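**Q** Any chance you can model this:
(chains A and B)
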Amino acid sequence: MLLNISKTHILVSFVFLLILSGAIYTYLENITIPFTFCQPCHENPESVVDEAEKRVEMKHCPLDDSRRSGNLIMKAGLSYPQPSTLTGRTDVNSVTNWNAPLVWEGTFDPVVIDDIYSRMNPRVAVVVLAVGKYTRFLKGFLESGEKYFLVGLRVTYYIFTDNEQDVPNVTLSEGRKITILPVPSAKRWQDVVLSKMKWATVTIDKQIRNEADYLFMMDVDSVFHNRFGAESLSQMSAVLHRGFYKNINRDGFPYERRPESKAYIPAGEGDYYYTAAVWGGYLEDMYRLVKYCYEQSEEDAKNNIEAVWQEESHLNKYFLYNKPAKVLSPEYLWSDYDAPGSDIKLIRISQLVKDYAEVRPNGGQ
Amino acid sequence: MPLINGKAVTAVLLIALLLVILYCYVSQSYRVVLSFQEKSKATEDDTSDPEAFVTRHELHLVSPDHLRYKQPSIVQGRTDVVAVTPWLAPVVWEGTFDSGLLDSIYRPKNITVAATVFAVGKYIMFLKDFLETAEKYFFVGFRVHVYVFTDRPNEVPQVKMAAGRQLTVMPVPSSNRWQEISARRMELIQMLIEKKLRNHTDYIFCLDVDSKFHGRWGTESLGGLVAVIHPGYYRNERSKFPYERRPASRAYVAPGEGDFYYCGGAFGGLLQEVHLLAKTCRQNFEADAKVGIEAAWQEESHLNRYMWINKPSKVLSPEYLWQDFKSKNPEIQIIRFSGVVKNYADIRPN
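**A** As a prediction, the model looks like this:
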């Protein structure tokens, strides 16, 4: 009799323990800050300065807005050429008029940048849309991305596609992976383009928010040709459109000019014309941006109007009033259709020449 | 007997589990309390009005609708100077920024800028000019709070300040050695931030009192961690920079290392950045003192070591701290803040 009761006790307590640990596990999974007794990031630099020889291991801390201090930390003994205060590139401007850097080849030192960002070790999400026939571009994008895009950092490619089977098997380096996100097909290419923002909004909210610190949106029909590195990372990075960066008055930018549209920018306003094919930044800032573009285009649709360059028009309006923290030169998105001028020292990623009639669902109309 | 044991073990296990859960919960909220700024509530902030992007996030550069200003150029800028560091922090020179645009970005944020100044001993004689010229050029139109650290509170001059600007006197003990006065600055800055500035101030600048403003010093200087390039060395090879060169010191910068030589007399940024800088420099200074070593230029040496590893997110050109005895070089189009000529024998206690 006594033995029976004690056995039941043990059994009951064991089951209780199991349930409790299960509850704790799910509870902790739901908090954004992981259960690793992560130190607030800004406490680490002290030890770096005191003991320069010891490699201080930065535990992964989510790059929370409120703890951005000390995030440009570099190894003490790093060797690189002395930066100059007087001699640099003279053919291009390297800052915007709100003092954000304009990133060109020759304005940054990859040795310093790479050291700083590899210490930070952020998780980067790259979101691409590959529906219909566009899945054929995935192989080139992914393979070249492995060679040139944020090499050495943790990258997850999020691929929105309506055909999972078409996603190629590409060998990825360590710390990099692919996540496939199924979406329905679309009849018009304009709808495909606009749906990008919708799917991005939904997925960032539900999933990517917990998995990444930085987020990039890129056009899949492109190939990397040269380093596209951590110099591109900032709170909000926009890329200059190759067609409008030189000697064009702001009134000549193809902003949406009809006041009925939410993307309207009047004459006399505007800094630059940015491309929608590549942009990125801190996750929460990118979430705000995609949500804005999605909501604005929905508003327009209700009023039976579609912005002249779809989400690119809405994006340009957002960037006009929410200044990017970094502006990337057209090196960061070129096109195989155009020959670059002498100010483009190298092309890092370029859009492929395509037969629009062949790849777009409504024949490119 | 076995019955009691089973019960006791179960009870102990349950209590232990509860304690562990409580600890995790408490450590989460403790960390949240420690952080200096509010977490930006991204989803809640995003109201249904997409036009008004007013956020509480410090680094968000929201500019007003329909603001008019000259179109920025991509291919033409200053060609006689470099406007960005190799780690892509902007170097602020005249002509590289639009002051109207920047002011309109920062005005709606309703920021408060603190400025610390040390007027110990005879250095109090410089305070009047400093304060009067600050009224004309330093963050005009913004909320400014000047903190004067002095051992002669009665000699602080009465300077009329514009609306939104104020001055607070912070009494400190005198000292016989100017080096010590210089070295204590970091500790006082750290304490000020911890005790008075948190929750009231967004940015802080720590400036030398023996200088005057001659030109605009405004929102273009705001950033996470802001350093000023020393006017005496910005054209020199890094081997000529007067870093501390003895490996025994914690301010040591090895040959072949170093980006620029920064001023100890002007630096600033967000509260938490400057707090960390001040705390680290002070700790390193004290650690040095324990082993009987004092860095070549006291806290300036420690600051330089700190900035070598913790890259500033914005660098101000020597326009932001010149020296009156130096003739103006051609690339310096405007002098904004400059150290006055002084007779050291007159003013230093030792």
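**Q** hmm, which helix or strand of the chain has the shakiest average pLDDT?
**A** I'll assume chain A. Within chain A, no helix or strand scores below helix A:44-50, which has a mean of 33 by mean pLDDT, DSSP states H and E.
**Q** was after chain B, sorry
**A** The helix or strand of chain B with the lowest confidence, counting by mean pLDDT, DSSP H and E, is helix B:42-45 at a mean of 31.
**Q** where along the stretch 251-365 of chain A do the strands fall?
**A** A:274-282, A:322-323, A:326-328, A:334-335, A:349-351 (DSSP state E, counting those that start in this stretch).
**Q** does chain B sit close to the longest one?
**A** Read it as strand A:274-282. No: with Cβ under 8 Å from any Cβ of the partner chain as the measure, strand A:274-282 is seen stopping short of chain B, the closest distance being 9.4 Å. The way it works is simple: take the backbone N, C-alpha and C, and place the C-beta from them, glycine included.
**Q** Name every strand pairing with that strand and say which way it goes.
**A** Strand A:274-282 has its sheet partners listed here by DSSP bridges as strand A:214-218 (antiparallel), strand A:236-240 (antiparallel).
**Q** could the ones you listed be laid out in TSV, adding mean pLDDT and mean neighbour count?
**A** As requested, those are exported to TSV (pLDDT from 0 to 100; neighbours: other Cβ atoms under 10 Å in any protein chain shown):
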stretch	mean pLDDT	mean neighbour count
strand A:214-218	96	25
strand A:236-240	96	26
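**Q** Now tabulate those strands in a markdown table and tack on distance to residue B:126.
**A** Converted to a markdown table, the strands paired with strand A:274-282 look like this (distance: least, Cβ to Cβ, whole Å):
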| stretch | distance to residue B:126 |
| --- | --- |
| strand A:214-218 | 46 |
| strand A:236-240 | 42 |
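**Q** And the helices in the stretch 1-150 of chain B?
**A** Counting by DSSP state H, counting those that start in this stretch, the stretch 1-150 of chain B has these helices, from start to end: B:2-34, B:42-45, B:99-106, B:127-137.
**Q** between those helices, which gets the lowest average pLDDT?
**A** Taking the average pLDDT of each of the helices of the stretch 1-150 of chain B, the minimum falls on helix B:42-45, with a mean of 31.
**Q** residues in contact with stretch B:191-211?
**A** Surrounding stretch B:191-211, the residues in contact under the criterion Cβ atoms under 8 Å, 6 or more residues apart in numbering or on different chains are B:36, B:58, B:109, B:111-119, B:123, B:126-127, B:130, B:145, B:147, B:170, B:185, B:189, B:221-222, B:226, B:265-271, B:274-275, B:278, B:321, B:337-340, B:342.
**Q** Recalculate using a threshold of 6 Å.
**A** Contacts of stretch B:191-211 from elsewhere in the structure, counted by Cβ atoms under 6 Å, 6 or more residues apart in numbering or on different chains, are B:111-119, B:123, B:126-127, B:130, B:189, B:222, B:265-268, B:271, B:274-275, B:337-340.
**Q** Could you export it as PDB, keeping only the C-alpha atoms?
**A** The C-alpha coordinates for stretch B:191-211 follow below in PDB (Å, rounded to 0.1, in the frame of the first residue of the first chain):
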ATOM      1  CA  MET B 191      28.400  61.300 -12.800                       C
ATOM      2  CA  LEU B 192      26.500  64.100 -14.400                       C
ATOM      3  CA  ILE B 193      25.000  61.800 -17.000                       C
ATOM      4  CA  GLU B 194      24.100  59.200 -14.400                       C
ATOM      5  CA  LYS B 195      22.700  61.600 -11.900                       C
ATOM      6  CA  LYS B 196      21.100  64.500 -13.800                       C
ATOM      7  CA  LEU B 197      20.900  64.000 -17.500                       C
ATOM      8  CA  ARG B 198      19.100  60.700 -18.000                       C
ATOM      9  CA  ASN B 199      15.500  61.300 -19.000                       C
ATOM     10  CA  HIS B 200      16.100  65.000 -19.600                       C
ATOM     11  CA  THR B 201      18.600  65.200 -22.300                       C
ATOM     12  CA  ASP B 202      19.200  63.600 -25.600                       C
ATOM     13  CA  TYR B 203      22.700  64.700 -26.600                       C
ATOM     14  CA  ILE B 204      25.700  66.000 -24.700                       C
ATOM     15  CA  PHE B 205      28.800  67.900 -25.800                       C
ATOM     16  CA  CYS B 206      31.900  68.300 -23.600                       C
ATOM     17  CA  LEU B 207      33.800  71.400 -24.500                       C
ATOM     18  CA  ASP B 208      36.900  73.300 -23.500                       C
ATOM     19  CA  VAL B 209      36.100  76.600 -21.700                       C
ATOM     20  CA  ASP B 210      39.100  78.500 -23.000                       C
ATOM     21  CA  SER B 211      37.500  78.900 -26.500                       C
END
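**Q** secondary structure class for the residue nearest the centre of chain B?
**A** When Cα atoms, centre = their mean is applied to chain B, the residue found nearest the centroid is residue B:268 (1.5 Å). Three-state secondary structure (criterion: DSSP: H, G, I helix; E, B strand; the rest coil) places residue B:268 in strand.
**Q** Counting neighbours, what do you get for the closest residue to it other than its chain neighbours?
**A** Here the nearest residue to residue B:268 in space, its sequence neighbours aside, is residue B:205; by Cβ to Cβ, 6 or more residues apart in numbering or on different chains that works out to 3.4 Å. Burial of residue B:205 is recorded as 24 neighbouring residues (other Cβ atoms under 10 Å in any protein chain shown).
**Q** got it, and residue A:184?
**A** Residue A:184: 8 surrounding residues under other Cβ under 10 Å.
**Q** Return the residues in contact with it.
**A** Counting by Cβ under 6 Å, 6+ apart, there are no residues that residue A:184 touches.
**Q** how does it look with 10 Å?
**A** The contact partners of residue A:184, by Cβ atoms under 10 Å, 6 or more residues apart in numbering or on different chains, come to A:131, A:162, A:195, A:199.
**Q** near chain B, which of these show up?
**A** Restricting the contacts of residue A:184 to those within reach of chain B (Cβ under 10 Å from any Cβ of the partner chain) leaves nothing.
**Q** residue contacts, the residue nearest to the centre of chain B?
**A** With contacts taken as Cβ under 10 Å, 6+ apart, residue B:268 has the following neighbours: B:113-116, B:203-207, B:221-223, B:225-228, B:274, B:277, B:312, B:314, B:316.
**Q** Report the secondary structure state of the nearest residue to residue A:327 once chain neighbours are set aside.
**A** Taking Cβ to Cβ, 6+ apart, and ignoring the residues beside it in sequence, residue A:327 has residue A:102 as its nearest neighbour in space, at 5.0 Å. For residue A:102, the assignment made with three-state DSSP gives strand.
**Q** Pull the number of nearby residues for residue A:102.
**A** Other residues within reach of residue A:102 by the criterion other Cβ under 10 Å amount to 25.
**Q** just the one 3 residues further on next, same as before
**A** For residue A:105, the neighbour count with other Cβ under 10 Å is 19.
**Q** again, but for residue B:73
**A** If you count neighbours by other Cβ under 10 Å, residue B:73 ends up with 15.
**Q** Who's the closest spatial neighbour of it, skipping the chain neighbours?
**A** Using Cβ to Cβ, 6+ apart and skipping residues adjacent in sequence, the residue nearest residue B:73 is residue A:93, 5.8 Å away.
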